[in-house]
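Undergrad: Curious how this folds, go ahead:
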Amino acid sequence: MRYFIVIILVPFILGCNNQSERKEDFGAFHITLPKGWKKFKEKGIDSYVGGITNGEDSLSFDYGWHSYDLSHEDGKKQLFATDTINGKIALITKPKRAGNGTIGIYIDKAFKENRFNLIGDDIDNEDLILNIFKSIGFADSNSSINSKNIEFSSEIIPYSGRSLFLINCAACHHRNRHMTGPAFASIEETKFRQWILDSLESVIPDSTKFGIQYHRKAFGKTLSESDIKKLIEYAKLK
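TA: Next comes the predicted model:
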């Protein structure tokens, strides 16, 4: 009888813990906050600023045109990763030694013309913070597009052509040989730009599953003109 009671109580307790998380609406975006975390407001001059805290650790955000892009973080003390968060390409940093440095996320193309960052300092529980980062969503976010693992390195290469290719294209394209799609090194620059960016380009119905409609829907809101340029430069590397 005792064993039966334990089996019943365990899922109940786990369920209560899951329910303690809540999606917090910040107007321009939303974040799922862990138990004990709440949002706070700050006064901004030309952007929307504020943050979240549990009373001990805090993360501050900046949403606007001039949000800090993590480019001044010390490469000797920090690790970096380029990743996809709900369809948004993001630069993430964390300290090489947990709890001793910056942990933050920067999204260059957050919503419309705005950029976004969420940053904290000297926070030991990195897994909790990374889960907060993964929950960030905007009005045009796509929760079906996420990287499986965040891979950090000591090189700060935000939005490099190689990183963009691995995140967005490598599932269907090899750089030098045909896979589901053609070799990436063989792409035609003009056609590539039209497929992804040119909303006025006529869409001719095609019989292929991954034609122009697929690419425009999947990447038209994710990749910027600058991203396309870096991808093309990567495709042309010898």
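Undergrad: Figure out the helix or strand that residue 105 lives in.
TA: If you go by DSSP states H and E, residue 105 is part of strand 102-111.
Undergrad: tell me what that strand is packed against?
TA: Counting contacts by 3 or more Cβ pairs under 8 Å, 6 or more residues apart in numbering; DSSP states H and E, strand 102-111 is packed against strand 78-85, strand 88-95, strand 114-121, helix 126-134. No exception for glycine: its C-beta is placed from N, CA and C like everyone else's.
Undergrad: Could you rerun that using 6 Å?
TA: Secondary-structure packing of strand 102-111 (3 or more Cβ pairs under 6 Å, 6 or more residues apart in numbering; DSSP states H and E): strand 88-95, strand 114-121.
Undergrad: Quick one, which of the ones you listed gets closest to residue 73.
TA: If you check each of the helices and strands packed on strand 102-111 against residue 73 by Cβ to Cβ, strand 88-95 wins as the nearest, at 5.4 Å.
Undergrad: What's the mean pLDDT across that closest one?
TA: For strand 88-95, the mean per-residue pLDDT is 91.
Undergrad: same check, this time on stretch 39-56
TA: 92.
Undergrad: Let's see the distance spanning it from one end to the other.
TA: End-to-end distance for stretch 39-56: 13 Å, by Cα to Cα, to the nearest Å.
Undergrad: Give me the buried positions along it.
TA: By 16 or more other Cβ atoms under 10 Å, the buried positions in stretch 39-56 come out as 48, 49, 50, 51, 52, 53.
Undergrad: Over to stretch 223-238?
TA: Buried-residue list, stretch 223-238, by 16+ other Cβ under 10 Å: 223, 227, 228, 230, 231, 232, 234, 235.
Undergrad: Can you verify the last one is assigned to a helix?
TA: Pointing back at residue 235 there. Yes: Residue 235 sits within a helix when classified using DSSP: H, G, I helix; E, B strand; the rest coil.
Undergrad: wouldn't it be in contact with residue 185 here?
TA: Yes: when contacts are counted by Cβ atoms under 6 Å, residue 235 is listed as touching residue 185 (5.4 Å).
Undergrad: Not counting sequence-adjacent ones, nearest residue to residue 55?
TA: When the adjacent residues along the chain are set aside, residue 55 lies closest to residue 36, with 7.4 Å between them (Cβ to Cβ, 6 or more residues apart in numbering).
Undergrad: That neighbour - how many residues pack around it?
TA: Residue 36 has 10 neighbours, counted by other Cβ atoms under 10 Å.
Undergrad: Quick one, grab the pLDDT at it.
TA: 95.
Undergrad: Please report how far it lies from residue 122.
TA: 18 Å (Cβ to Cβ, to the nearest Å).
Undergrad: Check what contacts whatever helix or strand residue 31 lives in and list those residues.
TA: Counting by DSSP H and E, the element that carries residue 31 is strand 29-33. Contacts with strand 29-33, where a contact means Cβ atoms under 6 Å, 6 or more residues apart in numbering, come from 21, 22, 23, 24, 135, 136, 137, 138.
Undergrad: Any figure for the gap between the first one and residue 134?
TA: With the distance defined as Cβ to Cβ, residue 21 ends up 12 Å from residue 134.
Undergrad: rewinding a little: may I see the buried residues of the strand holding residue 105?
TA: 102, 103, 104, 105, 106, 107, 108, 109, 110, 111.
Undergrad: Since that was my last question, I'll sign off now.
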